[in-house]
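have a look at this prediction, sequence included:
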Amino acid sequence: MSAQKKRAIWVFGDYRNYFQNRVTLQLLARARDLAGKIDAEVCAVLFGYWSEEWVDDALSQNPTFCGVVGESIAHGADKVYLTDHPRLAAYRMETYALLMERLAKREKPEIILIGATTFGREFAPRVAQRLKTGLTADCIGLEINEEGLLVQTAPSFGGNLVAQIVTPECRPQMATVRPGTFPEIPHDSSRRGEVVRVPLPKDLPEDRVRLVRSERRPQRVTKLEDAKVVVCGGRGMGSKKKFAKLFELAELLNGEVGATRPVVYADWTDHETLVGQAGKQVRPQILFSFGISGAIQHTAACNGAKFVIAVNKNPNATMMKLADVAIVADASQFCTALIQGLKRRIR
Ligand SMILES: Cc1cc2nc3c(=O)[nH]c(=O)nc-3n(C[C@H](O)[C@H](O)[C@H](O)COP(=O)(O)OP(=O)(O)OC[C@H]3O[C@@H](n4cnc5c(N)ncnc54)[C@H](O)[C@@H]3O)c2cc1C
């Protein structure tokens, strides 16, 4: 007689804005609490294409827990279902819903939790419909009752009432949860988990939606003039595409992007980011200066910076002389390396 399969609580891994939006990790933490009450395992379900950006050596012999798989395990997952394929590089509603449906029909989880992000709010109902089960949207609380059912607390009737909803018959029990509802558990690199690679189905239908272009929309954390960290880029970044990396770096550092005049004139970024005589005055704790020569019209507006890190391929550039730390390197390559390094370290 085969051993009975352990019950499972699944958390869908929404890692697009991982460093800003920690809802996946928050859900893993809550899932851990709930799993203890129904003797279940916690599983993260990850669809995507991370080979380029994420060094996920959780899959290697000697994991140091970087990347999305390692992060999921270190934050509470016992098991990770992973489909890693170039076709999944961009989030695609239809494909993701189909993958989730197939996997859930095969593995039969007890509960599926999904972050109520823009994507999650669209994705979860589609999955629920495919699995012919209920879904409580935008939960602000999750508990397990005496019967072992998931009690899903969600605002209803325009927020005038708070409803407690259970799904007694259909499986899985499904909920989306607002980001910030639960605290995440601290990263624990000593945790170990199982990784189940799920191949992309061969009969996956052609995508009906064609992605023409995608672009990170810079998130303004604070005003450039007040930012504690400013990541400034100049012509030495090389191109608009490479310059865009600075926005990612600034997000990771909770900072803002600044730019020199040629860069603004070349339309690599908007005029709002111009630092200098014709633009904004900045006085951050840390100023990064990537590929900037250090003309007076620019530097006059950053001399209030406490600590300056300059990256330039020319060691004699004025900006390098003004900097506390001067790094002789290709600006774009250094920026990419810094982003990767930070992603490995931020928990
Ligand atoms: C009236 C007036 C007002 C102005 N107001 C402003 C202002 O408000 N703000 C402003 O910024 N400018 C202003 N300027 C323009 C200013 O004089 C400079 O031309 C400008 O700041 C230079 O920008 P930059 O450093 O990006 O470009 P560049 O001077 O062309 O310098 C590019 C730097 O990138 C380095 N580099 C090249 N390739 C690489 C690489 N692959 N990796 C690393 N480094 C590399 C180069 O060694 C160089 O140091 C003004 C000018 C005038 C006349």
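Structure's in. What do you need?

what stretches of the stretch 151-300 of the chain score poorly on pLDDT?
158-159, 215-222 (pLDDT under 70).

what residues does it put near the ligand?
Near the ligand, the residues belonging to the stretch 151-300 of the chain are 234-236, 238, 260-263, 274, 276-279, 291-293, 295, 297-298 when assessed by C-beta under 6 Å from any ligand atom. Where C-beta positions appear, they are placed from N, C-alpha and C, glycine not excepted.

switch to 5 Å and redo it
Taking C-beta under 5 Å from any ligand atom as the contact definition, the stretch 151-300 of the chain meets the ligand at 234-236, 260-262, 276-279, 291-293, 295, 297-298.

by neighbours, which of these wins?
When neighbours are counted by other C-beta atoms under 10 Å, Ile292 leads these with 32 neighbours.

so it sits against Ile309, correct?
No - in terms of C-beta atoms under 8 Å, Ile292 does not count as a neighbour of Ile309; the distance is 11.5 Å.

tell me the one of the residues of the stretch 151-300 of the chain next to the ligand nearest Ala331?
Gly291 (3.6 Å; C-beta to C-beta).

who's in contact with Gln277?
297-298, 300-301 (C-beta atoms under 8 Å, 6 or more residues apart in numbering).

and it, helix, strand or coil?
Taking DSSP: H, G, I helix; E, B strand; the rest coil as the rule, one finds Gln277 in the coil state.

packing partners of the longest strand along the chain?
Using DSSP state E to define each element, the chain has its longest strand at strand 40-48. Strand 40-48 makes packing contacts with strand 7-12, helix 23-38, helix 67-74, strand 79-84, helix 93-107 when contacts are defined by 3 or more C-beta pairs under 8 Å, 6 or more residues apart in numbering; DSSP states H and E.

between those, which gets the lowest average pLDDT?
Mean pLDDT across the helices and strands packed on strand 40-48 is lowest at helix 67-74; the value there is a mean of 82.

quick one: distance of that one to the chain centre.
For helix 67-74, the gap between its own C-alpha mean and the chain's C-alpha mean amounts to 12 Å (C-alpha atoms, centre = their mean, to the nearest Å).

likewise stretch 102-111?
Relative to the centre of its chain, stretch 102-111 is centred 25 Å away, using C-alpha atoms, centre = their mean.

go ahead and name everything in contact with it.
When contacts are taken as C-beta under 8 Å, 6+ apart, the neighbours of stretch 102-111 outside the stretch itself are 5, 7-10, 31, 34, 38, 40, 43, 45, 81, 112, 127, 131, 150, 171-175, 198, 201.

list the contacts for Leu99?
Counting by C-beta under 8 Å, 6+ apart, Leu99 has contacts 47, 83, 198, 200-201.

and of the residues you listed, the nearest to the ligand?
The shortest approach to the ligand among those belongs to Phe47, at 35.5 Å (C-beta to the nearest ligand atom).

the closest one contacts Leu88, correct?
Yes - here Phe47 lies in contact with Leu88, judged by C-beta under 8 Å, at a distance of 5.1 Å.

between the two, who's got more neighbours?
Neighbour tally, Phe47 and Leu88, criterion other C-beta under 10 Å: the higher count belongs to Phe47, 24 against 19.

please name the bridge partners of the more buried one.
For Phe47, the beta-bridge partners are Thr83 (DSSP bridges).

could you measure from it over to Gly291?
36 Å (C-beta to C-beta, to the nearest Å).

how close does the residue nearest to Phe119 when sequence neighbours are not counted get to Val195?
Beyond its immediate neighbours in the sequence, the residue positioned closest to Phe119 (C-beta to C-beta, 6 or more residues apart in numbering) is Tyr91, lying 5.5 Å away. The gap separating Tyr91 from Val195 is 21 Å, by C-beta to C-beta.
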